[in-house]
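3D, please:
(chains A and B)
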Amino acid sequence: MHPVAIEARSLNKTFITKTGLWKTRTRSTLAVEDISLTIERGELFGLLGPNGAGKTTTVKMLTTLLLPTHGTARILGLDVVQQTAQVRKHIGFAFSGSRGFYNRITATQNLNYFAQLYALDSAITRQRVPQLLELVGLGTRGDDKVETYSSGMVQRLHLARALLHDPEVLFLDEPTVGIDPVGSRELRQTIKNLSSLGKTILLTTHYMAEAEELCHRIAIINKGRIVALDSPEALKRHISGDSVIEACIQPGQVQGILDLLRVLDGRTLVEVKNITEPETVSIRTPEPARVLELLSPYLNPQYIQGLEVRNQTLEDVYVTIIKAGGQ
Amino acid sequence: MKALRWGLIKQQMLVTLRVRALHVLSLGLFVIQPAVFTAVGMLLSHAAGNAMPDLVYTVIGGGIMGLWSGLVFSSTYDITGDRYYGTLELIVGSPTSLTTIEAIRTLINVLTGLFSLGLAFVAALAIFGYSLQGVNFWGAGISLLLLLFSMWCIGVFLANFLAWSRLSGSFVDFLEMPIAFLCGFMYPIRVLPGWLQTLSGVIPIRWALQAMNESLLGNRDLPFLLTHWAMAVGISLVFLAITGWLQARVHDSIRLSGELSSI
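Model (predicted):
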């Protein structure tokens, strides 16, 4: 048994587009640059990053759907370029969105079809399809056409499809997008259960709380490069022991408060959030006592309506890293 | 393993029939299109001064047109639809090769296209008074099987191009009429200029169809039929070999360009 589930070395992907009929112009877009990572068996690994950061491209290369321009990747020791067919037997993947199924047939009929693409025995298929539909909360809707499903239901059906052949490695691309809070919570629990069964899971998400709750380790990807990689706790520690002070400030008083904070050195980052009346100013600082001292004369409803001091969340870390354009 | 492959064929048939083929508009295509071609064929025959149109080339020819157009349309729709619905990525990402799926789908498309041909035969017999007297039945039967086989081979070959790029559907659609004209669907191949007859020789459908039409007209010349059948089988196998060679390249090409999805 290969100890490493997913291994990428200097993975690059450049998309080439050509325009023009006679004088063709070639344009290359670097989507993923020099990505290296190692994910152990049984690990639940998160890939975070803004839109267009290269998360889905990375996942598609690891799932054999895209060929890397440079670099190598192995799943359970199998090369994704040279041993494509073997890799596909061991992986399951679910992409976000309401596409990916034949809408004019039922969920059960869709799953029966995809089960055959994975050469599943008919008896196993008959047993597994209702079980999986039950697992993702669609047990009573299996005989309904997919065109009658909400986007959240399709999302859950994607997970059922990805699990059909009981893969050892799962790639879940934004699995809770479009799912209501109750459904999201259930799906997160399902992902935890799958992880506890020993499955290796690579998850991409925009939801920091989700990544913090689920993932053993997280890589933050920006402009095609991994800019941070560690456990959620270590990442939070890594961006120093800063505290976050969030102050609700009366409209019209924000500039005065910002001027007041100018005396602090460059280690303190001040951000005005786009929330209307009262406006929220977020201050990340290594010296919270000093900030509170500066703000204390203004702690009255005319200026500051409320104040909250808290430790950094993963979202704070993420925002700091992405805004800094790297690590 | 055998059972598993039958399972795949069965499931692919069920999906194709449920998603597209058993739709009233698809069935309409198999009826309306041959009827239009038959009408045009009869008008042209009348305009050419024939008192009685040749039913093999007009009515049954219309059915062949329906079969061929149905195959091209269905194959294009299948891949374009898969790209649009995001199912192409899921098929390619499975351990089953896309060519296997295309081979099964093309077979379904050829067999459903038989509906057109069957209707044309019924129309020729019941409406236009086509007589079966003198028909070389065994010759026509073998030729029909080889016609379906050669159409299947060409269909699988074209499916590679359809998978290759988002825009290749228009290229394959563009080939529909030239191949129909070159193969003599609605007229004897001998009316084409010599160089076009030579050009049409690379299409296996042309050989099988010519053998079928001649058999329907009563030709029992065994060397003629054997030559045409051999050409149909031989060239079909060449197309299959090229398809086998192409598939790995197309598979790599679409994964390199990222053309598996519609966006």
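
right, and residue A:231 touches residue A:218 too?
Yes. Contact criterion Cβ atoms under 8 Å: residue A:231 and residue A:218 qualify, at 7.2 Å. Heads up, the C-betas are built off the backbone N, CA and C, glycines and all.

Which one of the two is surrounded by more residues?
Shown here are residue A:231 and residue A:218; by other Cβ atoms under 10 Å in any protein chain shown, residue A:218 has more neighbours (26 against 13).

Mind listing the strands the helix or strand harbouring the more buried one pairs with, and their directions?
Assigned by DSSP states H and E, residue A:218 belongs to strand A:217-222. Sheet pairing of strand A:217-222 (DSSP bridges) gives strand A:44-48 (parallel), strand A:225-230 (antiparallel).

and residue A:154, what is it in contact with?
A:97, A:98, A:99, A:100, A:101, A:146 (Cβ atoms under 8 Å, 6 or more residues apart in numbering or on different chains).

Neighbours of the closest residue to residue B:219 other than its chain neighbours, how many?
Distance criterion Cβ to Cβ, 6 or more residues apart in numbering or on different chains; nearest residue to residue B:219, sequence neighbours excluded, is residue B:136 at 6.1 Å. Neighbours of residue B:136 under the rule other Cβ under 10 Å: 20.

Quickly note the distance from the closest residue to chain B within the stretch 51-200 of chain A to residue A:146.
Nearest residue of the stretch 51-200 of chain A to chain B: residue A:99, at 3.3 Å (Cβ to the nearest Cβ). To residue A:146, residue A:99 is 10 Å away according to Cβ to Cβ, to the nearest Å.

A strand includes residue A:22, no?
No. Going by DSSP: H, G, I helix; E, B strand; the rest coil, the assignment for residue A:22 is coil, not a strand.

Tell me the spacing between it and residue A:28.
20 Å.

More neighbours: which of those two?
residue A:28 (10 against 4).

Paired strands for the one helix or strand the more buried one maps to, with orientation please.
Here residue A:28 sits within strand A:25-40, counting by DSSP H and E. Sheet partners assigned to strand A:25-40 using DSSP bridges are listed as strand A:4-19 (antiparallel).

tell me the mean pLDDT over the strand it pairs with?
Regarding strand A:4-19, the rounded mean pLDDT is 92.

The strand holding residue A:218: how far from the chain's middle?
9 Å (Cα atoms, centre = their mean, to the nearest Å).

If we ignore the residues flanking it in sequence, what's nearest residue B:29?
residue B:70 (6.3 Å).

I figured that neighbour was touching residue B:109, is that so?
Yes. Counting by Cβ under 8 Å, residue B:70 touches residue B:109, with 6.7 Å between them.

So which bits of chain A are right by chain B?
A:15-16, A:60, A:63-67, A:85, A:88-89, A:93, A:95, A:97, A:99-105, A:109, A:112-122, A:161 (Cβ under 8 Å from any Cβ of the partner chain).

ok, now with 7 Å
Counting by Cβ under 7 Å from any Cβ of the partner chain, chain A comes close to chain B at A:15, A:63-67, A:85, A:88-89, A:93, A:97, A:99-102, A:104-105, A:109, A:112-114, A:116-119, A:121-122.

now, which of those residues lie within helices?
Using DSSP state H, the members of the residues of chain A next to chain B that fall in helices are A:85, A:88, A:89, A:109, A:112, A:113, A:114, A:116, A:117, A:122.

picking that back up, can you list residues touching both of residue A:231 and residue A:218?
Taking Cβ atoms under 7 Å, 6 or more residues apart in numbering or on different chains as the contact rule, residue A:231 and residue A:218 touch no residue in common.

Now the stretch 1-150 of chain B against chain A: closest residue?
Closest point on the stretch 1-150 of chain B to chain A, by Cβ to the nearest Cβ, is residue B:86, at 3.3 Å.

pLDDT below threshold where in the stretch 151-263 of chain B?
B:262-263 (pLDDT under 70).

Could you pick out the residues of it near chain A for me?
Counting by Cβ under 7 Å from any Cβ, the residues of the stretch 151-263 of chain B near chain A are B:252, B:255, B:256, B:258, B:260.

go again using 6 Å as the cut-off
B:255, B:256, B:258 (Cβ under 6 Å from any Cβ of the partner chain).

quick revisit: do you know the pLDDT at the residue nearest to residue B:29?
85.

Give me the secondary structure label for it.
helix.

can you count the residues close to it?
Neighbour tally, residue B:70, other Cβ under 10 Å: 24.

Equivalent analysis for residue A:298, please.
Around residue A:298 there are 17 residues (other Cβ under 10 Å).

For it, give its distance to residue A:269.
Residue A:298 is 20 Å from residue A:269, by Cβ to Cβ.

same thing with residue A:133?
Taken as Cβ to Cβ, the span from residue A:133 to residue A:269 is 47 Å.

Just name the most buried of the strands paired with strand A:217-222.
strand A:44-48 (a mean of 25; mean count of other Cβ atoms under 10 Å in any protein chain shown).

ok, residues contacting that one?
A:39, A:55, A:195, A:201-204, A:211, A:214-220 (Cβ atoms under 6 Å, 6 or more residues apart in numbering or on different chains).

Check whether residue B:65 really touches residue B:37, as I assumed.
Yes. Applying Cβ atoms under 6 Å as the test, residue B:65 and residue B:37 come out as touching, 4.2 Å apart.

Quick check: neighbours shared by the two?
Contacts common to residue B:65 and residue B:37, judged by Cβ under 6 Å, 6+ apart, are absent.

dump the residue contacts of the closest residue to residue A:84 other than its chain neighbours.
Distance criterion Cβ to Cβ, 6+ apart; nearest residue to residue A:84, sequence neighbours excluded, is residue A:64 at 4.9 Å. Counting by Cβ under 6 Å, 6+ apart, residue A:64 touches A:80, A:84, A:87, A:88.

Identify the farthest-apart pair in those residues.
A:80 and A:88 (9.4 Å; Cβ to Cβ).

so residue A:104 makes contact with residue B:20?
No. Counting by Cβ under 6 Å, no contact exists between residue A:104 and residue B:20, whose distance comes to 8.1 Å.

These two - which one has more neighbours?
residue B:20 (21 against 16).
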